[in-house]
Structures are given as C-alpha cells and as structure tokens.
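Asks: Quick one, what's the 3D model for this:
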Amino acid sequence: MEVGADFVQQTSDGGYVFAGNRVVKTNRNGRIVWNKNYGGYARCVRQTPNGGFIVAGSIGENAWLLKLKPESKTWIVDDYGPADFH
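Replies: Numbers count the residues shown, from 1 in each chain. Below is the predicted model:
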C-alpha cells in the first residue's frame with residue numbers, strides 16, 4: 001500500500017501516524033493498526049491528549065477538518081468551501 005504521505009508524527013504509543021492520500025496509524029513495530037481514506041488529501045494530523053487525532057485536509061477547493069477517536073472513528077466533520085475564506 002502506498003500512502004503518499006506529506007506529514008508524519010510519532011504517536012504516544014511509539015507508533016506513527018501518516019497524512020497524505022490516506023491517514024495511516026502504525027504501531028511501534030511499523031505494522032498498520034488502521035488506515036482510512038476520508039476523501040481528498042489529508043494535509044496534517046496531530047495527536048490529541050486523549051489519544052485521538054485531529055486531521056486537516058482538502059478536496060478540490062474545499063477544506064475539511066476531522067476529529068477522530070483513538071480507534072479512528074470520526075467524531076466531528078467540518079467542511080469549508082471557498083466562500084468561507086473570503
């Protein structure tokens with residue numbers, strides 16, 4: 001599987017989370033724990049204090065923001081179109 005990641009962050013459990021054409025979480029041994037395609041391209045991902053993640057990305061001219069539980073289930077999805085930036 002090719003991730004095409006532009007952003008990588010080490011996670012609190014010693015694994016890594018990658019953002020790009022997919023969001024991929026690995027364990028400390030490099031084995032994939034979960035991988036998701038949320039549509040578009042994930043530009044950045046940050047781990048939150050509760051072990052979840054915040055992911056920012058875009059599809060076309062629209063930007064999106066996801067808040068994920070530690071096991072990668074989506075909590076909140078916000079979508080911003082070009083008109084929201086003027």
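Asks: Only C-alpha atoms from now on, for both contacts and neighbour counts.
Replies: Noted.
Asks: Show me the beta-bridge partners of the residue most central in space within the chain.
Replies: Note on the chain: the residue nearest the mean C-alpha position is residue 55, at 4.0 Å, using CA atoms, centre = their mean. Counting by DSSP bridges, residue 55 forms beta bridges with residue 45, residue 66.
Asks: And it, how far from residue 11?
Replies: 14 Å (CA to CA, to the nearest Å).
Asks: What pLDDT is listed against the residue nearest to the centre of the chain?
Replies: As predicted, residue 55 sits at a pLDDT of 90.
Asks: And for residue 71?
Replies: We note a pLDDT of 70 for residue 71 in this prediction.
Asks: ok, residue 40 to residue 69 distance?
Replies: In terms of CA to CA, residue 40 sits 20 Å off from residue 69.
Asks: Same check on residue 35?
Replies: Distance, residue 35 to residue 69, using CA to CA: 13 Å.
Asks: Once you drop chain neighbours, what's closest to residue 6?
Replies: With CA to CA, 6 or more residues apart in numbering as the criterion, residue 6 has its nearest non-adjacent residue at 5.5 Å, and that residue is residue 20.
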